[in-house]
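Enquirer: kindly return the folded structure for what I paste below:
(chains A and B)
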2 protein chains.
Amino acid sequence: MKNSLISYPLHHDEQLRARARKVIPNGMYGHLSTMLLPTGRVPQFFARGEGAYVWDTDGNRYLDYMCAYGPNLFGYGQPEVNAAFVEQMQAGDVLTGPGPAMVDLAENMTGMIGHADWAMFCKDGTDASSIALMIARAHTGRRKIIRARRAYHGSASWCTPIRHGVIAEDTAHQIFCDYNDTASLQAAIDEAGDDLAAIFVTPFQHDTFAPQAMADPAYMRLARDACDRLDAVLIADEIRCGFRLSRDSAMTLNGVAPDLSTWGKVLANGHPLSAVLGSDRLRAAAASIYVTGSYWYGAAAMAAANVTMRLIRETPYLEKLSRLGEALRTGLDEVATRHGYAFQQTGPVEMPLFLFEGDPDMRLGYRWTTEMLARGIYVHPWHNMFLNDAMTEDDIAQTIAAANESFAALRQCEAELTAPPELAILRKMVDH
Amino acid sequence: MKNSLISYPLHHDEQLRARARKVIPNGMYGHLSTMLLPTGRVPQFFARGEGAYVWDTDGNRYLDYMCAYGPNLFGYGQPEVNAAFVEQMQAGDVLTGPGPAMVDLAENMTGMIGHADWAMFCKDGTDASSIALMIARAHTGRRKIIRARRAYHGSASWCTPIRHGVIAEDTAHQIFCDYNDTASLQAAIDEAGDDLAAIFVTPFQHDTFAPQAMADPAYMRLARDACDRLDAVLIADEIRCGFRLSRDSAMTLNGVAPDLSTWGKVLANGHPLSAVLGSDRLRAAAASIYVTGSYWYGAAAMAAANVTMRLIRETPYLEKLSRLGEALRTGLDEVATRHGYAFQQTGPVEMPLFLFEGDPDMRLGYRWTTEMLARGIYVHPWHNMFLNDAMTEDDIAQTIAAANESFAALRQCEAELTAPPELAILRKMVDH
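Expert: Numbering: from 1, shown residues only, chains lettered A, B, ... in the order given. As a prediction, this is how the structure comes out:
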């Protein structure tokens, strides 16, 4: 079976993994761990990134559809962004106060995001989610939050999807509903009663291991109306989808404005920066909480973000992502059909997720992913992917050609496949 | 009264503040906000940093004893650190997996820190504190933590010192004791009983608004013994003092090894990076929790940290900080005495805190700080400060000379001083 894969040895990667196992728990942790990905064929470590490509430590190049799980919007190492970063770094980055770049960035973002009157900056998406939660509770003086089952908002103890080390109080006063299910949202609103502080929504549904779905406007309308009626806070989590679907809040696509929105990933095209944006109604509450971080106000990432905001406003990147995404979706549909596979592509074309229908233990998905990796295309078997502005039509064509070969190779070995053992690990972790 | 201050207009700073008030809650937030510092004389924004100095946006230069509240250990913009950062950034920073620099750094740090067998990296000190808490709870399956009243461990909802937006559950199962008070620590241990997960300690006491104190070995011994007896976890928070008192854990000065230690601030000499280090006993628990962040594995900050670790190991920076700190303490004592002030310098000389005895509303401290700032020396009236390796003996001599003038100026206007109104804001925030 292994012979059907194009050979690419991962000697250096193996050596690094062996060293890492000694000095890092599990050898790696968090969302970039390959523990739940096809064993032996997915590099854990990368040596280089440029434009749309990454190189592993053995010199293999991949067209990278993960984009660092989001941050790469204009290409790895985008020259204008990095020039601004280095120039500001040389002048001064993390100092005893912020630089003018912070004010510029707050003006830039509030000018671009319709619902926003003010901005707070932090480092990671989890920071932004946690700040939004605190602002909502400070504003309302209430405790309950409603969020969709399986929606990811970060990995603090109140929201991490795996609850080792988490106590019952960490997750108290959270009511779960099903995304796009207005009846379950209404039930959650009723349950929260006069203790409702906030409803968290993602502008579309991008859970792992499941098809993605665009938002039902009725679901978003219900959330907005409930927050209006109860003086609660609608929080849009745009950390993953921000600026890939719109130059404004992605909630504009749903016809509903949030009170707070949380941003991260692409803000500085890969340099560490996240943000909470809010309306005047929440300004006093935002000013009342105490949150901070040693590096939150570093000017270099903010200078990089100001260039990123200009690229977002002034270049046709958004239309390009949409055009390339459409071409990819159509092309993959064609080759999948040609090989007789029910290949499910869901979510916005700029952020696709691939699943095989009738593949409950994901053996098809894991093998197809491995075949794509062996052909230099880094795709993911159960997490949404991302397009970026450095990708070209030729990249898309090569992806479709590799997919054609990978479907053929899959057909060849399909009968021999077994359930991926990696997913048993996940089940054990979640079931704890 | 204002005439006694050397004139330095802050026009650009005022303009930036006016713009910031429109688009940032309070115009600034967190530990770098100048809201609680002397109004009108402390710049909020900085344009530049180099070595031991910062420049505000009006071109005024300050010898910076805040060191960005810690991160500046080898001087702002240290050339070797920044060269490594830029080189790695150009190769690849935040990618779809970590780089080899992460393994190097874990090996470097576990090699340097005696108690540590493994390392996890994150972005801010709060991340590190929260991860340590989760690991302790995962390891023990218990809930209670003991920590010293007023000790700062970050600003997540479980630990932020100002509780707006925080609900009762966020701070559940925390028992507070008084630093260095073994009776109160023993009472806390008794109260926790068989539900004790962890004891948090800082290697010395560095609370704000109060004199600092070195650790009483008996206090640390009691914490260690209780954790041993109960299989609980001793967590040393070295975020603020790490590598300024020792090339190993600062707990070595107290004769006690922690199970987990948390690090931040100086790790990459200002580039965003923090860490949790632990012993083998905690490895399985560390491997079981799910924590992550979009930028935690960025290779550029890790490459910068590897250079910082080399500078820590191979240069006499530590002996220099100690020598300069002693000279500063002695010199300030002399000039304070000359002017008849009971000037209280506490904590290690590398991380001094200045308070005036008999100054309950801090009117002397605020005015003296302002006089120092007007003379180009950035000191803080109620937070500990930091020395860095870029400081020189001449810098210390100039500080002492400025202090001499500032004590004289203080004496001149002392009778006219009133309580700083800024501290009333704080009281209002904390009392909420």
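Enquirer: any chance you could map the helices in chain A?
Expert: A:11-23, A:79-91, A:100-112, A:125-140, A:182-192, A:217-230, A:283-288, A:299-314, A:317-338, A:363-374, A:393-413, A:422-431 (DSSP state H).
Enquirer: sort out which residues of the fifth one are buried, please.
Expert: When neighbours are counted by 16 or more other C-beta atoms under 10 Å in any protein chain shown, the buried residues of helix A:182-192 are found to be A:182, A:184-185, A:188-189, A:192. Bear in mind the C-beta positions are built from the backbone N, C-alpha and C, glycine included.
Enquirer: could you report the neighbour count for the one residue in the stretch 251-400 of chain A that gets nearest to chain B?
Expert: The minimum distance from the stretch 251-400 of chain A to chain B, using C-beta to the nearest C-beta, falls at A:Thr292 (2.9 Å). As a burial measure, A:Thr292 scores 20 neighbours (other C-beta atoms under 10 Å in any protein chain shown).
Enquirer: if we can go back for a sec, now the helices of chain A in CSV, with distance to B:Ile131?
Expert: Below are the helices of chain A laid out as CSV (distance: least, C-beta to C-beta, whole Å):
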stretch, distance to B:Ile131
helix A:11-23, 16
helix A:79-91, 27
helix A:100-112, 27
helix A:125-140, 11
helix A:182-192, 30
helix A:217-230, 32
helix A:283-288, 26
helix A:299-314, 22
helix A:317-338, 35
helix A:363-374, 30
helix A:393-413, 37
helix A:422-431, 17
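Enquirer: ok, back up a step: closest to A:Gln412 among the buried residues of helix A:182-192?
Expert: The closest of these to A:Gln412 turns out to be A:Ser184 (C-beta to C-beta; 43.4 Å).
Enquirer: so for the nearest residue to A:Gly298 once chain neighbours are set aside, what's the pLDDT?
Expert: Spatial nearest neighbour of A:Gly298, excluding adjacent residues (C-beta to C-beta, 6 or more residues apart in numbering or on different chains): A:Val94 at 4.3 Å. We have a pLDDT of 98 for A:Val94.
Enquirer: cool, and A:Ser157?
Expert: pLDDT, A:Ser157: 97.
Enquirer: do the same with the one 3 residues further on
Expert: A:Thr160 is assigned a pLDDT of 97 by the prediction.
Enquirer: distance between the ends of stretch A:170-189?
Expert: 21 Å (C-alpha to C-alpha, to the nearest Å).
Enquirer: what residues does that stretch touch?
Expert: Taking contacts as C-beta atoms under 8 Å, 6 or more residues apart in numbering or on different chains, the residues outside stretch A:170-189 that touch it are A:143-151, A:157-158, A:163, A:191-192, A:195-196, A:199, A:202, A:205, A:207, A:213, A:215-216, A:218-219, A:222-223, A:226, A:230, B:167, B:169.
Enquirer: from those, list just the buried residues.
Expert: By 16+ other C-beta under 10 Å, these give A:143-148, A:151, A:157-158, A:163, A:192, A:195-196, A:199, A:202, A:205, A:207, A:215, A:219, A:222-223, A:226, A:230, B:167, B:169 as buried.
Enquirer: show me which residues of the stretch 251-400 of chain A sit near chain B.
Expert: Taking C-beta under 8 Å from any C-beta of the partner chain as the criterion, the stretch 251-400 of chain A approaches chain B at residues A:264-265, A:270-272, A:274, A:283, A:285-298, A:301, A:378.
Enquirer: from B:Lys265, how far off is the closest residue to A:Val86 other than its chain neighbours?
Expert: Residue nearest to A:Val86 in three dimensions, not counting chain neighbours: B:Val86, with 6.1 Å by C-beta to C-beta, 6+ apart. Distance, B:Val86 to B:Lys265, by C-beta to C-beta, to the nearest Å: 21 Å.
Enquirer: over to A:Leu311?
Expert: From A:Leu311 to B:Lys265 the distance is 32 Å (C-beta to C-beta).
Enquirer: neighbour count: those two, which is higher?
Expert: B:Lys265 (29 against 18).
Enquirer: for B:Leu234, see how far away the more buried one is.
Expert: Counting by C-beta to C-beta - B:Lys265 and B:Leu234 are separated by 21 Å.
Enquirer: and the residue nearest to A:His12 when sequence neighbours are not counted, what does it touch?
Expert: Residue nearest to A:His12 in three dimensions, not counting chain neighbours: A:Thr57, with 4.0 Å by C-beta to C-beta, 6+ apart. Contacts here follow C-beta under 8 Å, 6+ apart; on that basis A:Thr57 touches A:12-13, A:16, A:43, A:45-47, B:100.
Enquirer: can you redo the residues you listed as TSV with distance to A:Glu334 and pLDDT?
Expert: As requested, these are exported to TSV (distance: C-beta to C-beta, whole Å; pLDDT from 0 to 100):
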residue	distance to A:Glu334	pLDDT
A:His12	37	95
A:Asp13	34	96
A:Leu16	39	97
A:Pro43	29	97
A:Phe45	35	98
A:Phe46	31	98
A:Ala47	34	97
B:Pro100	40	98
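Enquirer: going by distance to A:Asp248, which of those residues wins?
Expert: Nearest to A:Asp248 among the contacts of A:Thr57, with distances taken as C-beta to C-beta, is A:Phe46, at 32.8 Å.
Enquirer: residues near the closest one, how many?
Expert: 28.
Enquirer: and A:Ala52, by the same measure?
Expert: Neighbours around A:Ala52, by other C-beta under 10 Å: 20.
Enquirer: ok, now A:Ala397?
Expert: With other C-beta under 10 Å as criterion, A:Ala397 counts 13.
Enquirer: that one: what's it in contact with?
Expert: A:Gly331.
Enquirer: likewise for A:His153?
Expert: Counted by C-beta under 8 Å, 6+ apart, A:His153 has contacts A:125-126, A:129, A:147, A:159, A:200, A:237, A:239.
Enquirer: of the residues you listed, closest to B:Thr252?
Expert: Nearest to B:Thr252 among those, with distances taken as C-beta to C-beta, is A:Thr126, at 32.3 Å.
Enquirer: which residue, neighbours along the chain excluded, lies closest to the closest one?
Expert: Using C-beta to C-beta, 6+ apart, the closest residue to A:Thr126 is A:Gly154 (3.2 Å).
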